[in-house]
Structure formats: C-alpha cells, structure tokens
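[1] Sequence first, then the predicted structure, then my questions.
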Amino acid sequence: MVAVKRIGVLTSGGDAPGMNAAVRAVVRTGLRRGAEVWAITEGYKGMVEGGGAIRPLSWDAVGGILQQGGTVIGTARCPEFREREGRRRAAANLVAAGIDSLVVIGGDGSLTGASLFRQEWPELLAESVAAGTITPEQAAAHPALTIVGLVGSIDNDMVGTDMTIGADTALHRITQALDDLASTAASHQRSFVVEVMGRHCGYLALRGAIAGGADWVFIPESPPEDGWEEQMCTELKLGRQSGRRDSIVIVAEGAIDRHGQPIKSDYVRDVLEQRLGEDTRVTVLGHVQRGGSPSAFDRCMSTLLGHAAVEELLQAGAASEPVLMGFQNNRVTRVPLMPAVEQTRALAAALDTCDFDRALHLRSRSFQETRDSLATLMRPGPRVGGASPRPLRLALMHAGGTAPGMNTAARVAVRTLLDRGHQVFGVRFGMEGFLERKIVPMDWASVSGWASRGGSELGTTRRILQRKDLHAIARTIEDHRFDGLLMIGGYAGYEEVHRMFEERPNFPAFNLPLLCLPCSIDNNLPGSEISVGADSALNAIVQAVDKIKRSAADERCFVVEVMGRYCGYLALMGGLATGAEQVFLHEEGITLDKLRGVIYRMSASFATGKRLNLVLRNERANEVYTTGFITELFAEEGHGRFSVRQAILGHLQQGCDPSPFDRNLATRLVTHCVDRLIAQALAGENEAGFIGVSEGRVQFTGFEDFTRLVDAAHHRPKRQWWLGLRDIVDLLASPEGAA
Ligand code: ADP
C-alpha cells in the first residue's frame, strides 16, 4: 500500500490577512491531489506541544474562512522553538503524526526557523530515537523534511517577492484612514501626523502616501537630509499658501534620519506646532492595519500561493532545498528560501549601519520610482525654475466607461506635466469636449483632492466617431495648438484614438503624439495585463458578495452577475476571491449541458449538508441563459430543496473609490506616459499607441498592432493571461471539482 502523503501547514509570527485564504488553498489542493493536510495550530508552539495541536483538516473545515482576517489555525511566538530542545520535541511530534512536508506561512523569523529546523532534522530525529520519543522505524520513514515557505507579513518587507500576504490589505486600512482623516483635517485646516507600520520597510508609508495624497513622508530606506525640519515646514507652509486645507505627514514606524536616529511622530508633531503654529494631531494606526477581512488581492494571491505550495511539495524530492513561493509580476514565483531571507536581513542590517544606497538597491525598481513620483506629487506647486525651454500644450481626456482611478490618474498627469514646465488642458466629457470645445486649462490646485475620489471629474463618454466629428476634432486640435494627447480610459477611448491614428493621412492635425492609458474596470484592454480600475471593482464585488453570502439563513444558491462586458476577468477573479462554486464567462460560453451539470452537483452538495452555493456570472456570458433565466432554472430544478436568489451588482462596481493598488498603478503608468509624451513632442515625433504593464514592466504598443491584438467583436484582447487561472478556481470549488 502506498502511504498517503501528509502535509503540515502552520501560520507563525505576526498574523496577516490572507493567511486563511492560503491555508484553505493548501488544504483543498492537498485533498484534491490525494494528500492529507494537517494543521499545526498556534505555529511552532503547537509543533513543540504536539498531541491535539496537530490535527487533520477536512474540506469543510476550511469553508467560509476565505473572507476572515487573522488566521483560524492560530499563530504564536514560540521561544522554545529557538532552542534545540524545542525543535527536537517538534521534530518528534511531526514524525509521530507522520508529517515530513511543511507549508510554513510567516515572516522572515518563522522562515529562518523553518530552514534551521530542516537542516537539523536528521540529527533531531537521531536524538529523539536515542531518547526513546520515536522509534527507529518512524525515523527511517521520514529521513528528510521538505519545506515550502509563504511570506505572511503586512510590512511587505521580504526580498524575493513583490508582495507579501497581508500587505495589500494593510494598505487598504491605511488608505481608508488617510481618506477619512483628510476630510476632517480639511474642515479645520489641521495637520495630521499619521504613523503607519513598517519597521525596516517603508512600503506601507510610501504607497500609502501616494494613495492618500499625503504632503510629506518619512521612510527608513530614504531618510531626509539634515535640516529636514526647516525644509518640511517651508514646503508645508507653501502648500497652505497655495490653498491646501490640510497637511498630512506620514511616518513609518521605523523611520530614521541620516544618522540612524529614529524620527518619531510626536517629534514631527512638535516641530509642526512650534514652527508653523499649526494645530497638529498624531494618529497611530497600530493594529487596525493588521486586522479585518482581506482585500481581493490578498485573497487571490494567497490562494494562488497556497495552491502552488502544495504542487511544489508534491513534486519536490525529499532532499530538495526549501523554497519560497512568492509573487512577482502578477505570477507565482519560486525562489530558494534562505537567500531571500538572508537578503531581507542584509537590508535591515544596511539600515542599521546607515548604508541607505544599499538598502534602496535591495528594494525593487518600482519602489524607487514610487519615491521619485511622490517627490513631485507632494510639492505645493510646480517646481520653481522648472519651466521647460519649450513649454508644450498637452491635452488630457477620458473616454469609455467611468472607472475608479480616473481622477487619480488625471491628478498625477496634471501635476507631473506642470512640474516639468508644460501646460495641460482638460478635455471635458471625452471626444465631446473636442467637438463642443469644452476644454479647460488645468492648474496645480484644480486637481486637489482627486487622488482618492471615485468617478470622473473631467467627465467621460463613449462615442462612435463620424466623419464630421473628425473634422471638428482636427480643427479644435489645430486651434489649441496641442502638442500631444493623453487619453486615460477604456476600450471605447482606445477605438476613438485608433480611429484618429488611422485617419492621419486625411487629417494632418492628428499627427501629434497620441497615447492611451488603460483605465477600465473590465480589464479588457490590449497591451496591459491589468488596467486601472479593475482592482477597485474587484474589491467592490468581494465586499458585496461577502454581505450577500451572510444574508442566507437557509440552504441557498446565489447567482451573482458582475460587470466586465465581454471580458470575464471580474467574474473569474471574483470567483477566486469569493470561493465561488461556479463561474460563467463569455469566453467559455454557457450550454444547457453545463447548467445541467451544475444543478446535479449543487443538489448533491445540498443533500450532503452544504448550505451555500455561489455562482458568478459575467454580464454577457450568454445572451439566452441570462442571470434571471439561470436563477429560475435552478429554482425550478431544485424542487424546493434549496432556495435560489439573483443579485445583479451593477454600478456599485464602477462608482467606488479607487483602491490603493489602482491609485498606485495610475501613478506609475501616468508618470511613464507623461515622460514619453514630452519626449515625443519635443523630438517632433508622433507615435500613437497605448501603455500597459506586462511581465512587471511598463511597455508601449503602437496602434499599428491594435487590430491584430484585439477581438474587435467582443472588445477584448485575443490573449488573456488570467484565463490560465481557471483550473485553480475549479480545483478549489468542490471536493469533486466544478461542473
Ligand atoms: P515573523 O515570522 O513574523 O518574523 P518572529 O520573528 O517573531 O515573527 O518569528 C516567529 C517565530 O518563529 C518565533 O517565535 C520562533 O518560534 C520562530 N523563529 C524565529 N526566528 C527563529 C530562529 N532564528 N530560529 C528558530 N526559530 C525561530
């Protein structure tokens, strides 16, 4: 008989939202692959104690935990595990439970412990045999320990992964707090000093500052120059003079000056009060950053990591080195565990010795880019003396459906262009603005408060351009002597600008640089893996579905319709983030056979004690099998054994405030676009195309390739990377797989 593989999973060190999603994915992937998964509760403490602290987890035991914060299997700090005797007991307990494969979810401390434990394993077993706590046969059956690590840390402080479990959720908490504080601060013209977590990592402070539109920030990796007190006060005073009603200063808890001395929030408050005479309050966000339901991103990423960890363990040979499953460029990655931990430690050591160049070098490129963008955005006005030798006149426009992040992007575009010494003109309501000459000059203050605001202040429309429209647009461009156009919007905007590109032979006025930036909740744009707005919509879906699920008091199926037009991104990722049993996409279609299979499985699952079945349907998945139809079909075929309700989420997906991820993505993309537009215009070039993120890099694609890249009938790219996640959604949907 072949022994069933038994995998242990533990969460250790500081808890982080998303740990539950990872545990759920570990358990369910393990079970679907024919393994057993045992929880080691309370982290290493449970491992050292053994007995009932190490126990099997069933499929249902991890049901309903995806949306919960913290970790349901518990975590603890365990001083005993730092001692060899503690690790010897832990090893004996694992062997007694038949476990020699571990998924360790924790911070660098927990992962260091795991690596050491693995190295010592043969000796620990030999000692346990000598002490009589395990038999020689037991030891021989488990000659090596295999380890896969996942980083659970809200600080996002691990080298070797772009994101750690919990960081995005923490950023949500911080951004919400900053939005809330900004409104009260503005009412009283107050200053706030906000302290955020991050001992050796300024990620939360930096990204929070971008998202919250903060006016000054202190992070460990990039300390301010000596005399910063004077400089900060001067800048904040100038901000006030230019009409800013609030001042928000963010301090990372590990912020230091150039000499390694801590910069404390109370000291910053005293400086502001004494030098500016401002009423200043300190808010220490503390543990609220750690708590609460995980964001959509943390649910999705943690699920993918948990799944990948088990696949890795099942493939790994017993002697393989421990690996860390991380996330880079939107994909799960696998890197050797200890070098990543060692580099993380090296970074902390560089900070301790004030080697800031090395610390920044160890952080990602985008970290440095963010820092540079922030320096511009925080200014009270355009750089003094920054006037360009040849000031350009650039048009800024939205088009397509409204998307959260449009205002954020517009604010960054306006401020960056002004800062570089150029002029910006807002074209109101998309192409209509060109047709009806609704074009307004934008200044620094005109975009105040836009970082956090949902909707579209400039306005946006969809329009199929007629020939006479093109004439009018060309004339407006000529009259305004525009040197370039930046369109921040969705598919309709891409089509409109593409049309201008194609009509260049007939309309010489269109021979200016034309650049599109992907901003659409649908995530259906070519040249970019992700568009600004999609993450916000996904979070809106996740929050709505959490509430919808809780409303069920009987055995119930919910059929939830989400937006996306012909693109199934929101439906599939929404399914991953909410643990939906079925997902219907236009890309795959809906057939009667498929519906029959769903009914069969659903009925069987309700008969064996399941209480909820969630179906996510893309709004255009099928013209005939509508959400209403499917709801009625399920109700009819359920024969009263369960109830069925539909929920059409509608515009709440479009109108929400932009998520921190979208605000940061908008900032990154706009900064690239602005630099590109300026370079093109100054060089007398006239490229036309769209910008996007692909494999982690910002990339440009020319409109020459537009037609080749899109499925024009369905307004989506021909290749959609996220469809590759479909199998994982199915795998985790039910013990037998999806219908
Ligand atoms: P985090 O994992 O969040 O960084 P800690 O550094 O507190 O949190 O580590 C969590 C637990 O991992 C510790 O309480 C201890 O049991 C174990 N651990 C941490 N560092 C080591 C180490 N160097 N050797 C052995 N065990 C360790």
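    Noted; the coordinates are in hand. Numbering: from 1, shown residues only.

[2] C-alpha only now, for contacts and for neighbours.
    Will do.

[3] So which bits of the helix or strand bottoming out on mean pLDDT in the chain are buried?
    Lowest on mean pLDDT, DSSP states H and E among the helices and strands of the chain sits helix 365-377, with a mean of 87. Across helix 365-377, burial judged by 16 or more other Cα atoms under 10 Å covers F367, Q368, T370, R371, S373, L374, T376, L377.

[4] just how off-centre is whatever helix or strand comes next after it within its chain?
    Later in the chain than helix 365-377, the nearest helix or strand by DSSP states H and E is strand 393-399. Relative to its parent chain, strand 393-399 has a centroid offset of 27 Å by Cα atoms, centre = their mean, to the nearest Å.

[5] do stretch 628-645 as well
    35 Å.

[6] One more: stretch 457-466?
    For stretch 457-466, the distance to the chain centre is 29 Å (Cα atoms, centre = their mean).

[7] picking that back up, just the closest of the buried residues of helix 365-377 to the ligand, please.
    F367 (21.6 Å; Cα to the nearest ligand atom).

[8] so what's the closest one up against?
    Y203 (Cα atoms under 8 Å, 6 or more residues apart in numbering).

[9] How confident is the prediction for the residue positioned nearest the centre of the chain, by pLDDT?
    In the chain, the centroid-proximal residue (Cα atoms, centre = their mean) is F297; its distance is 4.5 Å. pLDDT, F297: 98.

[10] Surely it is in contact with G166?
    No: with contact defined as Cα atoms under 8 Å, F297 does not reach G166; the gap is 9.2 Å.

[11] Going by secondary structure, the residue nearest to the centre of the chain is in what exactly?
    Element membership for F297, per DSSP H and E: helix 296-315.

[12] just checking, next helix/strand downstream of that helix?
    Immediately after helix 296-315, counting by DSSP H and E, sits strand 323-328.

[13] What's the mean pLDDT across the very next helix or strand once past that next one?
    Counting by DSSP H and E, the next helix or strand C-terminal to strand 323-328 is strand 331-336. Taken as a whole, strand 331-336 has an average pLDDT of 95.

[14] The next helix or strand after strand 331-336 and the ligand, any residue contact?
    Later in the chain than strand 331-336, the nearest helix or strand by DSSP H and E is helix 337-352. No: using Cα under 6 Å from any ligand atom, helix 337-352 never reaches the ligand; the gap is at least 10.1 Å.

[15] So which bits of the protein are right by the ligand?
    Near the ligand, when you scan the chain using Cα under 6 Å from any ligand atom, you find 12-14, 44, 77-79, 81-82, 106-110, 112-113.

[16] Name the residues that touch stretch 693-707?
    328-330, 498, 501, 526-530, 669, 672, 687-692.

[17] OK, contacts around P56?
    P56 neighbours (Cα under 8 Å, 6+ apart): E36, V37, W38, A39.

[18] now the helix or strand hosting the second one and helix 296-315, what's the angle there?
    Element membership of V37, judged by DSSP H and E, is strand 36-40. With axes from the mean of the first three to the mean of the last three Cα atoms, to 10 degrees defining the directions, strand 36-40 sits at 120 degrees from helix 296-315.

[19] neighbouring strands for strand 36-40, and are they parallel or not?
    strand 6-11 (parallel), strand 54-56 (antiparallel) (DSSP bridges).

[20] Contacts made by that strand with the rest, please.
    By Cα under 8 Å, 6+ apart, the list of residues contacting strand 36-40 reads 4-10, 26-27, 30-31, 46-47, 53-58, 73.

[21] Mind checking which of those residues are buried?
    5-10, 26-27, 30-31, 46-47, 53-54, 56-57, 73.

[22] Who are the contact partners of the closest residue to R462 other than its chain neighbours?
    Spatial nearest neighbour of R462, chain neighbours left out: G400 (4.9 Å); criterion: Cα to Cα, 6 or more residues apart in numbering. Shown in contact with G400 (Cα under 8 Å, 6+ apart): G430, T460, T461, R462, G489, G490, Y491, A492, G493, S520.

[23] do the same with A403
    Contacts for A403 were tallied using Cα under 8 Å, 6+ apart; they are G454, G455, S456, G489, C519, S520, I521, V532, G533, Q654, G655.

[24] In three-state terms, label it for me.
    Three-state call for A403 (DSSP: H, G, I helix; E, B strand; the rest coil): coil.
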